[in-house]
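K.L.:
With the input below, show me the fold.
(2 chains)
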Amino acid sequence: MSRRPEPAQTHDPARHHLSPTRTLAIDPLIEDPETRIVVCCGSGGVGKTTTAAALGLRAAERGRKVVVLTIDPARRLAQSMGIDSLDNTPRRVKGVDDSAGGELHAMMLDMKRTFDEIVEAHADPERAAAILGNPFYQSLSAGFAGTQEYMAMEKLGQLRSRDEWDLIVVDTPPSRSALDFLDAPKRLGSFLDGKLIRVLLAPAKVGGRAGMKFLNVGMSMMTGVLGKVLGGQLLKDVQTFVAAMDSMFGGFRTRADATYKLLQAPGTAFLVVAAPERDALREAAYFVERLAAEDMPLAGLVLNRVHGSGADRLSAERALAAAENLEDPRIVDQEDGKAGLRNSPETHGSSDSPAASATAGTPAQEAGTPAQDVPGPGSPATADGTEAAEDPERSVDRLTAALLRLHAERMQLLSREQRTRDRFTALHPEVAVTEVAALPGDVHDLTGLRDIGERLAADRPELPETSWHT
Amino acid sequence: MSRLQVVSGKGGTGKTTVAAALALALTTQGKRTLLVEVEGRQGIAQLFETEALPYEERKIAVAPGGGEVYALAIDPELALLDYLQMFYKLGSAGRALRKLGAIDFATTIAPGVRDVLLTGKACEAVRRKDKSGRFVYDYVVMDAPPTGRITRFLNVNDEVAGLAKIGPIHHQAQAVMRVLKSPETAVHLVTLLEEMPVQETADGIAELRGARLPVGRVIVNMVRPEVLDASALELVAALPRSSVARALSSAGLGGARRGGHAERLVEPLLAQAEEYAERYALETEQRAVLADLDVPLHELPLLAEGMDLAGLYALARELREQDVS
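P.N.:
Model prediction:
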């Protein structure tokens, strides 16, 4: 034993030293009465919605009145919060521990409904009907590029202005790129400020005698071109739509600007959500830079699905070498440590070692078994079938070898995740990070969300108990 | 074999990687493939470790066996100007339109126009022929929007055709739809063996079928190696800890006694096996769900060292061996 290198020597010291110096403390953030909005953003498939829901639940169970605005939740996650009916209004989530005086509400964004409501609220009934019936409006509001982002911003503004909640947690739309959510208000603004609106409005006003004043030659050419490209009837729909919306545009922009400012305000905290994978973290880095450029308050990075190991001092290489060792009986038999240990007083009394003494008798005929191949006990290692039943000890060896291979795989994953994360940390050492340990399956209920919340708030991922430290 | 191969998948499943590997796999000797990107993320350039792609078809790789892969990042604004130029010889009027914000309007706000332009450009590449009448590209592989939006993205031409009942956009949309709904096109979905992506894949297939868009294959990405099968897992669960400790010790990992190095490895190793077992059961369930979809299934392995160019070629070989091409 003493001749063997200590496992600690194979442990990569970089793993701990390169860890980010700043840890994102979730509880102080969500408990702070000053925090009124938390925005979860990041690329698709990193667990944004789950993170938003888990944060909302945790804040509620710590006494705050919370609403979670989700954009496009997976069905079972929505069901877990009881919001599988899509009605665009916050619903109280049942089963939340309200002993601290908090409440959790959740809602799913219905963008068409949100758009319709804006129209209904800001136009007289006749005009509203004209807009709602316009074919261009109908397809615009049904969800083409950008509408979801505008409506998410609108809804956030609405929820905030109602001032019914201590905290609003927002999940951002699964955008084509992370930027859309931030760009939506500006883009809408520049569109509404643009000359295009006037060009589009002009012909609709031509009916009036003052109309001609607006129409210079250039503009008529433009509408001519637009007519050609879009087709006359579509252009007419657009024009009617723009004319009908005319009085509302100012309101749109004012609200979009207000929401944008709200996002920059100190009461808002952005959380960039990522998984320890190259693409997700690249997107996260991009988002961090973008938020800084827009003066948006970044609270930190939530790194989901981080793997750990209770035996992280046993390297992949050593685990693989040991697995091969176990899978090859000739080598095992040469191990002098084996007999000695198996006959040690401590193990003598155990009932599970009936085969300990049979070691020497194990025929070497299995030596040809490829080390890579780890067949289940149902298929003994001897492919030629010369050995009918497997020696129980060989079975233990082979299963143990499989455990070691599993561990090697885990360690490879760990170091890959670590490398990816270190790259991010090197680029953005200022960003506080919280890691969330990976779960084997998806979250389906409040218990699962609560568990994620615990993991979010813990300083480091919860790992199986580390038992290797000496 | 369909000449337009559309690759979609839930975010995080690696659809860009699979699209690129598929392009490499299809491009056998003497063939030429165009790999197009429509979401402006420059994912292809990152995969192939080159600088950002311009709005221009350029050779990006030589496939194993000698075929050529070209790549194009479609920019909707430039595609619109292109299109206007092609059909209306606009010249400076195009620039004026842009100044007015009309291009911005058409490509970001006007419903569906953006998507018509993107799919239209891909269909144009599919149909393009050289002087000798031969197709310029044998295949066009599109790294498309995610599963949740794919049907609307591809079907948008239908919606636009309904919205613009006459005029050039209408004709363009109809022409594009004819390609997309024909056997010339196959829409593949990339998934992981996890509940949410599998559910989205099932929903996506139902939606595609509902819109009569041709469903191709389901490609399960990042499949982890099977280290222990079901019966082995049962045996592991029943393994006496002391015998595992002894086996570890015999393999040179320290003492098997209580508190010895090998003995202290037992718990964490068994805990990992338990996690593995849980995942294994979930994966088995998800495989069954996928098998019920009645779509050809393919699996690509998780690359232990992470994705890089070598890994991309390895996945392409894997796809070729599975006869995807």
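K.L.:
Just after the helix of greatest length in chain B, pick out the following helix or strand.
P.N.:
Longest helix of chain B, by residue count under DSSP state H: helix B:261-291. As assigned by DSSP states H and E, the chain's next helix or strand after helix B:261-291 is strand B:297-301.
K.L.:
Which single residue of the stretch 301-450 of chain A ends up nearest chain B?
P.N.:
Going by Cβ to the nearest Cβ, chain B is nearest to A:G310 of the stretch 301-450 of chain A, at 3.0 Å. In short, each C-beta sits where N, CA and C put it, glycine included.
K.L.:
Just confirm B:L72 is within a strand.
P.N.:
Yes - counting by DSSP: H, G, I helix; E, B strand; the rest coil, B:L72 is part of a strand.
K.L.:
out of everything not next to it in sequence, what's closest to A:R113?
P.N.:
Once flanking residues are discounted, A:R113 sits nearest to A:N88: 4.3 Å by Cβ to Cβ, 6 or more residues apart in numbering or on different chains.
K.L.:
Go ahead and confirm A:V68 touches A:V169.
P.N.:
Yes - contact criterion Cβ atoms under 8 Å: A:V68 and A:V169 qualify, at 4.7 Å.
K.L.:
Need the residues touching each of these two.
P.N.:
Residues touching both A:V68 and A:V169 (Cβ atoms under 8 Å, 6 or more residues apart in numbering or on different chains): A:A52, A:A53, A:L55, A:G56.
K.L.:
Now do the first one, the pLDDT please.
P.N.:
In other words, A:A52. We have a pLDDT of 94 for A:A52.
K.L.:
From chain A, how far out is B:P268?
P.N.:
Noted for B:P268: a distance of 3 Å to chain A, by Cβ to the nearest Cβ, to the nearest Å.
K.L.:
buried residues in the helix or strand B:S249 falls within?
P.N.:
In this assignment (DSSP H and E), B:S249 forms part of helix B:241-250. Going by neighbour count (16 or more other Cβ atoms under 10 Å in any protein chain shown), the buried part of helix B:241-250 is B:S242, B:S243, B:V244, B:A245, B:R246, B:A247, B:L248, B:S249, B:S250.
K.L.:
How far does that helix sit from its chain's centre?
P.N.:
Its chain's average C-alpha position is 45 Å from that of helix B:241-250, according to Cα atoms, centre = their mean, to the nearest Å.
K.L.:
quick check: angle from it to helix B:261-291?
P.N.:
Put simply, helix B:241-250 runs at 110 degrees to helix B:261-291, going by axes from the mean of the first three to the mean of the last three Cα atoms, to 10 degrees.
K.L.:
who does helix B:241-250 touch, helix- and strand-wise?
P.N.:
Packed against helix B:241-250 by the contact rule (3 or more Cβ pairs under 8 Å, 6 or more residues apart in numbering or on different chains; DSSP states H and E) you find helix A:316-327, helix A:336-342, helix A:392-427, helix B:261-291.
K.L.:
Of all those helices, which one is nearest B:P301?
P.N.:
helix A:392-427 (11.8 Å; Cβ to Cβ).
K.L.:
How about the closest one and chain B, touching?
P.N.:
Yes - against chain B, helix A:392-427 shows contacts by Cβ under 8 Å from any Cβ of the partner chain at A:393, A:395-397, A:399-407, A:409-410, A:412-413, A:416, A:419-420.
K.L.:
I'd like the mean pLDDT over that helix, please.
P.N.:
In this model, helix A:392-427 carries a mean pLDDT of 92.
K.L.:
swap in stretch B:241-249?
P.N.:
So the average pLDDT for stretch B:241-249 ends up being 94.
K.L.:
Alpha carbons only: can I get that stretch in CSV?
P.N.:
Extracted as CSV, the C-alpha positions of stretch B:241-249 are listed here (Å, rounded to 0.1, in the frame of the first residue of the first chain):
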residue,chain,number,x,y,z
ARG,B,241,-19.7,-2.8,0.3
SER,B,242,-16.9,-4.8,1.8
SER,B,243,-16.3,-6.9,-1.3
VAL,B,244,-16.2,-3.8,-3.4
ALA,B,245,-13.7,-2.3,-1.0
ARG,B,246,-11.6,-5.5,-1.3
ALA,B,247,-11.8,-5.4,-5.1
LEU,B,248,-10.7,-1.8,-5.2
SER,B,249,-7.9,-2.5,-2.9
